[in-house]
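A.B. asks: One predicted model, sequence on top.
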Amino acid sequence: MNLLFFLIINLFACFYQGITGFGSSLIAVPLSLLILDQFTAISSLTIIGLVLNTFLFRKIKQSLNLDVLVPLCLASLIGMPIGIWILRTVQINGMRIIAGSLAILLTLFISFNKISLPRTKVLTVVAGLFSGLLQTSIGMAGPPVVMLLVGTDREKDEMRKTLVAFFLWMTVFSLPLLLITGTLTLPRGSFGFYALPFVFLGAYLGNKVVEKIPQKMFKILALVTVCVTGLLGIYSGLSH
């Protein structure tokens, strides 16, 4: 029964990421932790994330904007160790509340056209830095990059391609750390391997559905997802 629930969860999560280019962990992580221990969940979802983003990277036909992706990836490398230092020295619950609140506030500003972000390399580096920092401290890598892409009014397929490439980069970079520390093992990742047919199906269907979604609706969906991420961050900070 646990396996069936895990398969259904990830079918929907991968379908959602097939549409938006991000957000599968927002669905899969909390629900998977209801039925699996954290090490099995992390191992299985890491395998799924690697396969999911690789599949979507190949399926999204939009050419990759390296002027955006390269600064994001390099800056995230600087941010990750800073995030680890913060994790060890700062009260994380308070940081979750602050990060969640800022994500919601900036989402509202962008939604109501109160701010328009310039397409500059400096801003891209800042977004990558904070994404890496938040990934290793509180697990909220998505909002800075999503708000950068939405706020600079990127076309939906360019945004999706950039996001899946960026998260694929982060997954590949984190794999050696997970393996060395013994967090990721093949037995713990068994649920992830069982789920792979559902990963492909969900991602394939999501990638088809997004073709029917207008740019404006896609932008709203992306911002709503960031807002929900912020709310969950605040809830997590207040409940621990």
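C.D. replies: Everything's here; your move.
A.B. asks: Could you check how far residue 29 is from residue 118?
C.D. replies: 33 Å (Cβ to Cβ, to the nearest Å). C-beta coordinates here come from the backbone N, C-alpha and C atoms, glycine included.
A.B. asks: can I assume residue 104 is in contact with residue 232?
C.D. replies: No: the criterion here is Cβ atoms under 8 Å, and residue 104 misses it with residue 232 at 10.7 Å.
A.B. asks: Enumerate every residue touching residue 66.
C.D. replies: Residues in contact with residue 66 (Cβ atoms under 8 Å, 6 or more residues apart in numbering): none are found.
A.B. asks: what do you get for residue 40?
C.D. replies: So residue 40 contacts 188, 189, 191 (Cβ under 8 Å, 6+ apart).
A.B. asks: All the helices of the chain, residue numbers only.
C.D. replies: 2-20, 24-32, 38-59, 66-89, 92-111, 121-137, 142-151, 156-180, 190-209, 215-239 (DSSP state H).
A.B. asks: for the fifth one, packing partners?
C.D. replies: It stands for helix 92-111. Helix 92-111 is packed against helix 121-137, helix 142-151, helix 215-239, with contacts defined by 3 or more Cβ pairs under 8 Å, 6 or more residues apart in numbering; DSSP states H and E.
A.B. asks: Recalculate using a threshold of 6 Å.
C.D. replies: Applying 3 or more Cβ pairs under 6 Å, 6 or more residues apart in numbering; DSSP states H and E, one finds that helix 92-111 contacts helix 142-151, helix 215-239.
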